[in-house]
Structure formats: structure tokens, C-alpha cells
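>>> Quick one: sequence plus predicted model below, questions after.
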Amino acid sequence: MPGHLALILHAHLPFVRHPEHEKFLEENWLFEAITENYIPLVQIMDGWLADGMETRLTMSLSPTLCSMLLDPLLQERYVKHLDGLIELADKEIHRTHWDTAYQKLAWMYHDRFTKTRETYFAYGRNLVGAFRKFQEQGKLEIATCAATHALLPLLADDLPSLRAQILTARDHYRECFGCNPRGIWLPECAFTPGIETVLQEANIRWFVTETHGLLHARPRPRYGVFAPVFTPNGVAAFGRDFESARQVWSKQEGYPGDERYRDFYRDIGFDLDFDYVKPFLPSADHRGFTGIKYHRIGEKHIYDRDAALRTADAHAAHFLNARTIQFQKLQAIMDAPPIVLSPYDAELFGHWWYEGPEFLNFFVRKAYYDQKVFTLTTPNEYLRRYPTQQVALPSASSWGEEGYWRVWLNEANEWIYPHLRIAQSRMTELARLVAEPTPLQDRALKQAARELLLAQASDWPFILRTGTSPEYATRRVKDHLLRFTSLYEQLMGKKIDEAALGKMEWQDNIFPNVNWRYWR
């Protein structure tokens, strides 16, 4: 039986947009990802197209990420950010004039930033349109995600909110890509029985679950994670392959930890004179990352770009050999075509692992040209080719710590959920109470829906758990819930403050066509 490999990159960032500030620290999360992840992936896929390669890749683009990529304010701010990077790289070329090794890297950054800018404008600053192009040409399958990346098992006992997260995501996908999504990345790979019924309502055909979620399905799957199963209502579940994940993610064995790769943490924003780097920092008051880094992992030796690329090429060859051996073993014992599903966070490739996009490029090219043991595929393509699969229901699971939802429900963030439950109940109350809204009431109901969706994002409890930006996460949850409560009271009192509503619409402008009736 032929083998099939599905590479899945999950691209997501929380909705961070602050028009009330001229410059905002957390908006840099998006700008860094565009520069180091998304545009390099577009450039690589353009290369595959130019070479006439029959490649296959799957990406899930979350609705919050797509909304930010399409937002004119953030597009304009990103251009300013990118121009600043080019200016900083130019300054570094002059500063390192007498140090050849550092100047070579400064030129490398200047060249990469300049080409990034060229690609960005070549696509009209529309990266959603860039990814749509690859999907329409059959090289990329784009999956959706929950509307604001809410942890869906924690909404399982509130059907209106569960429906709203999934159906709002479907509607937004239609607006972005001109068709319906066939697959969904369940946030944090978190699944519990019952979610599949809403996926069926949205006409979504497949989702990804964590390894043990499929292995503990009822009945047990005959082929483990190497074939999908259909839930009883016909939605397919694919299990994450542990072996291919370990080779990339493992702290001990994973490729990104190789000492020849670029060190993420050593940045000139911390190393050089503060006044020199201050104009280019995410926050003018604090040191931070600029994106220009001159050292490699380990003993902090200077980064050797050529050696790092040779290492990425060697790791791609190792990964290809491991997959070849894996498929040969599977083909010897299975009487069905095996699929190995390898999902990763897209932000790993380029941001945390600077050479990640090159590794991906090397691997796909080797898989296409140098072997015939397996083919690259996407989940939807595999299901079209093999429409008959075992019926089983996956168990509750996630890819978070200890395999369930401890990361998102613990002593650091448990205070959020009683407030969310009240707001969710009130949103359903509003949706059922207002039968024929006035235009102003309709605006207020849409904004209430936006504020609730944004408060439900899994990013805020995750940040509270990890402690990376706890003050910001706390403020975001409280701000959205307070705005929702204000709108609820105004709608119930039938007296809406239009000026205050307009300010909320200006600040939180996600999902302009959100359907508040889903909460009925």
C-alpha cells in the first residue's frame, strides 16, 4: 500500500489591535510572525510553484490571525515596522564595518528584510490572498479554527457558545477564501465527545486530535493513528503521529536545539547601547527583541548562516530517512494505506526556529524528488481517495500538559470561567429576547457577540498559566467582559449609548458580519 504524509502547520495569534495607542508592544507578536514565519512560507511555496512541483501542504489559519492580516491599520503599522528593520540593518552594516563576520550577518538581515518587503507589496499587503492563491492552485489545503481559538471542551456544556465559535469561524472562512472549510484545527487539539455534532452542522469533514485521543477511541482503532476514523456522524478524526512530532518538538532530540542554529534569545535589543536601539524596540521604555541576532545556540559563538543551512539540509535528510523507514515498517504490517499526520505550530518555523522554513523547503523537495515510498497529501485529499474508514469516537484529550486542559483551567486562571459562564448565558438571553432589532440594537448585539468571543480566547488563560504577559492577559479578559456587561445592560434597559458603542466597534472590529443569532 502506498504511504501518505500530511504536514500541517497551525497558524494562530490572538487578536491584538490597539488603535487607541500609536505603538503597542503586543502588536509586535504579529509583526514578528509575518516577517519570520508567514512571508518566508509564502516565498517557499512560490518557489515550489516556479519549479512545477506537485507539493501538498496543510495550514490552519485562525480567524483572529486572518482578521489581523487583513486589517488596514495593522497592515500600515507592519510596513512601518518593516521599514524600521531595514533602517536598523543598514545602521548595523555601518556599525560593523571593521568586523567582517558581524557585517556579513548585517548584510544578510538587510537582504532578507528587503526581500520580505518586496514580497509583502507584491501580494498587495494581503497575505490571506497569498495563501488563498496556493489553495486555489491545489497545492495547499487551508483549514479553519474556532473563531477566537476558544478551548472548545470548556464550552461543551454551553451549546450556543460552542456553535457560535465554530459557525462564526466557518462564515469568516467563506469571506476570506470564497469557499467552505473542509477541515478544522481544534484549538490545542482539544476534543471531547459532542463537539463533532457542531462540526457536522458546519459541514466540516475532518479535524485533528492528539495521539492518545485517537488511541483511546471507542472502539479502539484498528490502525492506531495511521488511518483516520469516522465519528458516528461521519466527521473524520486524524491522530497526531508521535514519532515525527518528537523529532521536531523534543527538547532533548528535536532539531531546533542544535547548537549550529541561531539563538532566539540573544538579540541586539539587549546587547547594544539602549539609546542606539531605542527607536527600533517594540516598546520605547524597555529593552526587547529587534529580530537581529548575531549568535548561535550553545556557547554564544557568532552565528554562521551557511553552516546553519547545511545543518537544516542534513536534518531534512534525516527526517526524510526516518519517515521512509517508518512507512516501510507500516506497509509491512498494514493492509490499508497508512497516513502519517505531522502537525506543528506554524510559528515554530522561522520565529523560534529561524532555519525552520529552510528545513521545510529542503524536506519537501527531497520528498518530491528523492523517494517513492510515500507521497505528500492533505487530510481532505486522503479522504477523497480512501472514503471508507473505521467508525469510532475519540476520547477527550488535548496536546497540552498531561493530555487534557490543565493548562487552560488551573489555579492561575480559574477566576475567568464563572464570569464567562454568566456572559454566555446572558448572550443567549439577548439573542432569544430581541426578535426584530432596530439597526442600533443590531449593532449592539453584534458588538456584544464580538466582546464575548474575544473573552473566550484560550490565549488569555494560557498566558496567565505561563506568566509571559499576565497583566496584559488579565486586562484583556476584564475589558471584554466589562464591555459585554455594559452592552447587555443597555440592551436590557432599551437605552443604548451610541457614542460608547461606536468606540467599542472602533477598538474591537473583528468579525464585522458576526451572526448573533447563533446564540439562540
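Good, I have the coordinates. Numbers count the residues shown, from 1 in each chain.
>>> Quick one: find the helix or strand in the chain with the lowest mean pLDDT.
Lowest on mean pLDDT, DSSP states H and E among the helices and strands of the chain sits helix 242-249, with a mean of 87.
>>> list the buried ones in that helix?
244-245, 247-249 (16 or more other CB atoms under 10 Å). Yep, even glycine has a C-beta here, placed from its N, CA and C like the rest.
>>> And the contacts of that helix?
Contacts to helix 242-249, defined as CB atoms under 8 Å, 6 or more residues apart in numbering, come from residues 211, 225, 253-256, 318-319, 322-323, 326, 340, 342-344, 348.
>>> between those residues, which has the most around it?
Val225 (25 neighbours; other CB atoms under 10 Å).
>>> Got phi/psi on it?
Per-residue torsions, Val225: phi -90, psi 10 (degrees, to the nearest 10).
>>> what's near enough to touch the residue nearest to it when sequence neighbours are not counted?
Nearest non-adjacent residue to Val225, counting by CB to CB, 6 or more residues apart in numbering: Gly239, 3.2 Å away. Listed by CB under 8 Å, 6+ apart, the contact partners of Gly239 are 208-211, 213-215, 221, 224-225, 228, 341, 394.
>>> Could you tell me which of the residues you listed belong to helices?
Among these, the ones falling in helices (DSSP state H) are 211, 213-215.
>>> May I ask which of those has the most neighbours?
Tallying neighbours with other CB under 10 Å puts Leu214 at the head of the ones in helices among the contacts of Gly239, with 28 neighbours.
>>> From Cys189, how far out is that one?
Leu214 sits 10 Å away from Cys189, taking CB to CB, to the nearest Å as the criterion.
>>> Next: Ser458.
12 Å.
>>> that older thread, which SSE is immediately downstream of the least confident helix or strand of the chain?
Sequence-wise, the next helix or strand downstream of helix 242-249 (DSSP states H and E) is helix 268-271.
>>> one step back: can you tell me which of the ones in helices among the contacts of Gly239 lies nearest to Leu69?
Distance to Leu69 across the ones in helices among the contacts of Gly239 (CB to CB) is lowest for Gly213, with 30.1 Å.
>>> ok, the closest one to Leu360 distance?
Noted for Gly213: a distance of 26 Å to Leu360, by CB to CB.
>>> same check, this time on Gly52
19 Å.
>>> likewise Arg483?
40 Å.
>>> before we move on, what about Ala500?
Ala500 sits 47 Å away from Leu360, going by CB to CB.
>>> Then Ile510?
For Ile510, the distance to Leu360 (CB to CB) stands at 30 Å.
>>> Specify which residue of the two has the higher count of neighbours.
Taking neighbours as other CB under 10 Å, Ile510 and Leu360 compare with Leu360 leading, 24 against 21.
>>> mind exporting stretch 72-82 as CSV, just the C-alpha atoms?
Written as CSV, here are the backbone C-alpha positions of stretch 72-82 (Å, rounded to 0.1, in the frame of the first residue of the first chain):
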residue,chain,number,x,y,z
PRO,A,72,-5.6,48.2,7.1
LEU,A,73,-4.4,49.7,10.4
LEU,A,74,-2.2,46.7,11.2
GLN,A,75,-1.0,46.5,7.6
GLU,A,76,0.2,50.1,7.8
ARG,A,77,1.8,49.6,11.1
TYR,A,78,3.6,46.5,9.8
VAL,A,79,5.1,48.4,6.9
LYS,A,80,6.5,51.0,9.4
HIS,A,81,7.8,48.1,11.5
LEU,A,82,9.5,46.6,8.4
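>>> quick one on the thing from earlier: need the max-distance pair from the contacts of helix 242-249.
Using CB to CB, the two most remote members of the contacts of helix 242-249 are Val225 and Pro256, lying 23.2 Å apart.
>>> Which positions in the helix ranked longest in the chain come out as buried?
Criterion DSSP H: the longest helix present in the chain is helix 305-333. Buried residues in helix 305-333, counting neighbours by 16+ other CB under 10 Å, are found at 305, 308, 311-313, 315-316, 319-320, 323-324, 326-327, 330-331.
>>> again, but for stretch 348-363
Residues 348-351, 353-363 are the ones in stretch 348-363 that count as buried (16+ other CB under 10 Å).
>>> Now flag whichever of the residues you listed is closest to Tyr382.
Using CB to CB, the buried residues of stretch 348-363 come closest to Tyr382 at Phe363, 19.0 Å.
>>> For the closest one, give me the pLDDT.
Phe363 carries a pLDDT score of 97 in this model.
>>> So which elements touch the helix or strand hosting it?
For Phe363, the enclosing helix or strand under DSSP H and E is helix 356-369. Packing partners of helix 356-369 (3 or more CB pairs under 8 Å, 6 or more residues apart in numbering; DSSP states H and E): strand 3-11, helix 39-50, helix 305-333, strand 374-376.
>>> What separation do you get for the residue nearest to Arg222 when sequence neighbours are not counted and His301?
In this structure, Arg222 finds its nearest non-sequential neighbour in Gln390, 5.8 Å apart by CB to CB, 6+ apart. Distance of Gln390 to His301, computed by CB to CB: 52 Å.
>>> can you tell me the helix or strand for Ser60?
If you go by DSSP H and E, Ser60 is part of strand 57-61.
>>> Kindly export that strand (C-alpha atoms) in CSV.
Taking C-alpha atoms only, strand 57-61 is exported to CSV below (Å, rounded to 0.1, in the frame of the first residue of the first chain):
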residue,chain,number,x,y,z
LEU,A,57,0.8,21.2,2.5
THR,A,58,-2.0,21.9,5.0
MET,A,59,-2.3,25.1,7.0
SER,A,60,-4.9,26.1,9.5
LEU,A,61,-5.3,29.9,9.6
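>>> May I see the buried residues of that strand?
57-61.
>>> next one: stretch 153-164
153-156, 158, 160-164.
>>> Relative to the whole chain's centre, how far out is it?
Remark: stretch 153-164 is offset 21 Å from the chain centroid, using CA atoms, centre = their mean, to the nearest Å.
>>> Number the chain from 46, please
Okay, using 46 as the starting number, the last item reads as stretch 198-209.
>>> what about it, start to end distance?
One end of stretch 198-209 sits 14 Å from the other (CA to CA, to the nearest Å).
>>> And the contacts of that stretch?
With contacts defined as CB under 8 Å, 6+ apart, stretch 198-209 is touched by 192, 195, 197, 210, 235-237, 239-240, 243, 246, 441, 443, 450, 453-454, 462, 466, 469-470, 472-473, 476, 494, 497-498, 501, 563-565.
>>> Of these, which belong to helices?
Reading helices off the contacts of stretch 198-209 with DSSP H, I get 210, 240, 243, 246, 462, 466, 469-470, 472-473, 476, 494, 497-498.
>>> thinking again about what came up before, ok, so of the contacts of helix 287-294, who is nearest Leu119?
Using CB to CB, these come closest to Leu119 at Leu393, 22.4 Å.
>>> residues in contact with the closest one?
Each residue near Leu393 by CB under 8 Å, 6+ apart is listed here: 293, 301, 401.
>>> mind checking pLDDT for it?
92.
>>> can you tell me how far it sits from Leu102?
Between Leu393 and Leu102 the computed distance is 15 Å (CB to CB).
>>> cool, Asn558 as well?
Taking CB to CB, one finds Asn558 at 29 Å from Leu102.
>>> shaky segments in the stretch 396-545 of the chain?
Along the stretch 396-545 of the chain, segments meeting pLDDT under 70 are nowhere present.
>>> before we move on, the earlier item: take the ones in helices among the contacts of Gly284 and lay them out in TSV including pLDDT and distance to Phe60.
What follows is the ones in helices among the contacts of Gly284, written out as TSV (pLDDT from 0 to 100; distance: CB to CB, whole Å):
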residue	pLDDT	distance to Phe60
Thr256	95	30
Gly258	96	27
Leu259	97	31
Leu260	97	34
